[in-house]
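1. With the input below, show me the fold.
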Amino acid sequence: MRKPAELRKAEIVASVLTLADKLGPDRVTTGAVSSAIGVTHAAFFRHFPTKADMWQAVAEHIVETMRAAWESARAQQGTPVQRLSGLIAAQLGQIAATPALPMLLFSRELNVENKMLRDAFRDALAGFRDNLVREITAGQKAGALRGDIAAGDLGFLFTSLVQGVAIRWALGARNFNLREEGLRLLDVQLRLLAGKER
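-> I've put the predicted structure just below:
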């Protein structure tokens, strides 16, 4: 029984992410994806005429999912520091749910062969930092975070925390809870950066 096109495309994207995690992004081929979902190569190309089209769909899926998680975190009631923590928890949750993501960021597919993929992730990470900076600025105005450090620099610091713990998790056979460890380290940073009102 033939699946609807959108369902098949979603299945292909999920398979690409599974294979990218298992084999590494640079070793994912259209043939491997076709075999994994049980369709012919010709059937695969009806959905994605090129490998670049496939990766574009993967990037769109990841970015859309991350942005939805950030919006949900920012919609929560609480202080700016609580929303900041929520944003970081949401991003760590997205990485845990998509284990191939850290490898994608450093893959040849991303950095050499596919400018669209590189641009999509660069823009998404900039968007994540922008979300953090908004909450950092609000936290500084409320006196909960030190105001003598530029909010943009703190945005890079917190983004680097997420990326660093994600890389350590990916390289360490995922032998710790990514979200818990990231939030533990975030708490350390927040204590170091606490303003008078925290």
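2. quick one: Ile167 from Leu178, how far?
-> Going from Ile167 to Leu178 by C-beta to C-beta, to the nearest Å gives 11 Å. (Glycine included, C-beta is placed from N, CA and C.)
3. Got phi/psi on Phe176?
-> Backbone torsions for Phe176, taken as degrees, to the nearest 10, come to phi -150, psi 160.
4. For it, grab the count of nearby residues.
-> Residues contacting Phe176 under the criterion other C-beta atoms under 10 Å number 14.
5. Leaving out sequence neighbours, find the closest residue to it.
-> Trp169 (6.7 Å; C-beta to C-beta, 6 or more residues apart in numbering).
6. Would you confirm that the one you found contacts Glu180?
-> No - between Trp169 and Glu180 there is no contact under C-beta atoms under 8 Å: 10.8 Å.
7. The two - which one has more neighbours?
-> Taking other C-beta under 10 Å, Trp169 and Glu180 do not tie; Trp169 has more neighbours (22 against 11).
8. and the closest residue to Lys51 other than its chain neighbours, how many neighbours?
-> Sequence neighbours aside, Thr30 is the residue nearest to Lys51 in space, at 5.6 Å (criterion: C-beta to C-beta, 6+ apart). A count of neighbours around Thr30, defined by other C-beta under 10 Å, yields 17.
9. neighbours around Arg191, how many?
-> Arg191 is flanked by 9 other residues according to other C-beta under 10 Å.
10. Can you verify it is assigned to a strand?
-> No - Arg191: not assigned to a strand; according to DSSP: H, G, I helix; E, B strand; the rest coil it is helix.
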